[in-house]
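# What shape does this take:
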Amino acid sequence: MLEKLENVIKIPSKINNKLILKVVPGHFATNHSHINYYLDMTRLKVGQREAYQAASTMAKEYQYSTPIDTIICMDGCYMIGAFLASKLTEAGVISMNVHQSIYVIEPEFNPSGQMIFRDNIQPMVNGKNTLLLLASATTGKTIAQSLECIEYYGGIIQGISAIFSATDQIEGHTVKSIFHTDDLPDYQSFSQHHCPFCEAGHKIDAIVNSYGYSKF
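Have a look, this model is predicted:
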């Protein structure tokens, strides 16, 4: 449980006060960087009510003019992706798929860490209008890798949505998020090799990723 970490702060979304982001200050290590806050998005991703509210908020960005055929989910955002597909369909978003049904998929990672789509999934990407859905966008490396993969398989990037983002644009694409660094002004991300916490001798509190955290 998150309560095992100290000093939990609850931040309501400025655009939907039914959504709460739990954050914990400290020294945390991710795959790409060290950060001074752990962002807990568990309930937002797997709670039925929270995921529905997140999807409803995200859908407003695309429901008027953006065609979406496929939602590509990262970071375990499948439930949000399913609700988002439903909300976009209800809003009349155009889908070029034969059955007028938006696909909700996720890539696979091979042993070398490369993102791939299997042969049976590739037709849901190739030539399709895609929306990339992530839990967080901090350094931008995951998004850049995802965009490269989608474009390699012939996907057309129509949008990027995240629960939390520390950046507004990646490679010319706007990142639309529910929470932003404006909600957490002192949020910082550091290179693993140039981390002021490490240089000051502060131990890492936990290793964190899209699945959660592991305390030391």
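# now for stretch 172-189, what's the gap between its first and last residues?
In stretch 172-189, first residue to last residue: 21 Å (C-alpha to C-alpha, to the nearest Å).
# what does that stretch rub up against?
Residues outside stretch 172-189 that contact it (C-beta atoms under 8 Å, 6 or more residues apart in numbering) are 11, 13-16, 19, 21, 23, 33-37, 39, 54, 57-58, 61, 137-139, 143, 147, 157, 159-169. C-beta: built from backbone N, CA, C; applies to glycine.
# How about stretch 196-214?
Contacts for stretch 196-214 (C-beta under 8 Å, 6+ apart): 5, 26-31, 34-36, 38, 40, 42, 74-76, 135-136, 190, 215-216.
# before we move on, what about stretch 38-50?
Taking C-beta under 8 Å, 6+ apart as the rule, stretch 38-50 contacts 2, 5, 8, 18-24, 26, 28, 51, 54, 75-77, 79-80, 135-136, 163-164, 179, 205-206, 208, 212-213.
# quick one: terminal-to-terminal distance for it?
Start-to-end span of stretch 38-50 (C-alpha to C-alpha) is 19 Å.
# which parts of it are buried?
Using 16 or more other C-beta atoms under 10 Å as the test for burial, stretch 38-50 gives 38, 39, 40, 41, 42, 43, 44, 45, 50.
# what's the next secondary structure element after the helix or strand that contains the second one?
Going back to what we said before, that points to residue 39. Using DSSP states H and E, residue 39 falls within strand 34-40. Where DSSP H and E defines the elements, the next helix or strand beyond strand 34-40 is helix 42-46.
# Show me how far that next one is from its chain's centre.
Relative to its chain's centre, helix 42-46 lies at 12 Å (C-alpha atoms, centre = their mean, to the nearest Å).
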